[in-house]
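Enquirer: missing the sequence, but the structure's below:
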């Protein structure tokens, strides 16, 4: 049984992961930050189709889940940089699985 | 660069996987069907919090992505059963990664 009362431990862990990575932007933001630290405008330019409002919301959620840090640089005017955390980098296992399966899925659906 | 023009092949495969599994219900439906074939009402009861309208929509999307099949049984009245496909079962690699990471994430966030 998969409902809340009888929710086996494995489904709870999967739901936790889904909640933390929920939506299509978080993994792409983490993928981008896994290259190097970046500012808001860099992320906004790089991640195709994301609005500044959505990017701002997603960055806050990623920070709350300890997947990234937000660092205010003591420049004038102050600048803000986002960096992936060690915990954020541990998502690589999920990215690798998504990459493998996504490649297989593409072949299954469009045959190449 | 991760935007559409210069979108490296790995990000495209990850986006394909995210699109096919997008949202929090599809993986839970596949997880439920990986046990055995099930009817609509069974799925609706088992997957905590899903509405019939959402379940119906998600089942159609999963079918379109060849992850499940919809089989009309020649009973009277006719009954409909949903079953996971071989392609659907191949998602296990993503579920395993989500389970591993979700367990780690839970420890990171709530310390147990």
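Expert: Received, thanks. No experiment lies behind these values; they were computed from the predicted model shown.
Enquirer: contacts and neighbour counts: CA atoms only from here.
Expert: Will do.
Enquirer: all helices for chain A, in order.
Expert: In chain A, the helices defined using DSSP state H lie at A:9-21, A:26-33, A:40-46, A:52-64, A:86-89, A:92-110.
Enquirer: In JSON lines: those, plus mean pLDDT, mean neighbour count and distance to residue B:89.
Expert: Compiled in JSON lines, the helices of chain A are given as follows (pLDDT from 0 to 100; neighbours: other CA atoms under 10 Å in any protein chain shown; distance: least, CA to CA, whole Å):
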{"stretch": "helix A:9-21", "mean pLDDT": "80", "mean neighbour count": "20", "distance to residue B:89": "16"}
{"stretch": "helix A:26-33", "mean pLDDT": "90", "mean neighbour count": "21", "distance to residue B:89": "23"}
{"stretch": "helix A:40-46", "mean pLDDT": "95", "mean neighbour count": "16", "distance to residue B:89": "33"}
{"stretch": "helix A:52-64", "mean pLDDT": "96", "mean neighbour count": "15", "distance to residue B:89": "30"}
{"stretch": "helix A:86-89", "mean pLDDT": "94", "mean neighbour count": "16", "distance to residue B:89": "27"}
{"stretch": "helix A:92-110", "mean pLDDT": "89", "mean neighbour count": "19", "distance to residue B:89": "11"}
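Enquirer: export those helices to CSV and tack on distance to residue B:44?
Expert: Output for the helices of chain A, formatted as CSV (distance: least, CA to CA, whole Å):
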stretch, distance to residue B:44
helix A:9-21, 16
helix A:26-33, 28
helix A:40-46, 39
helix A:52-64, 29
helix A:86-89, 34
helix A:92-110, 26
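Enquirer: do you know which of those helices lies nearest residue B:14?
Expert: Proximity to residue B:14 (CA to CA) singles out helix A:92-110 among the helices of chain A, at 4.7 Å.
Enquirer: roughly how far apart are residue A:27 and residue A:51?
Expert: Using CA to CA, to the nearest Å, we find residue A:27 at a distance of 16 Å from residue A:51.
Enquirer: Contacts only, for residue A:21.
Expert: With contact taken as CA atoms under 8 Å, 6 or more residues apart in numbering or on different chains, residue A:21 is in contact with residue A:27.
Enquirer: Nearest residue to residue A:51 in space, please, no chain neighbours.
Expert: residue A:44 (7.2 Å; CA to CA, 6 or more residues apart in numbering or on different chains).
Enquirer: which residues does that neighbour contact?
Expert: A:50, A:51, A:52, A:55.
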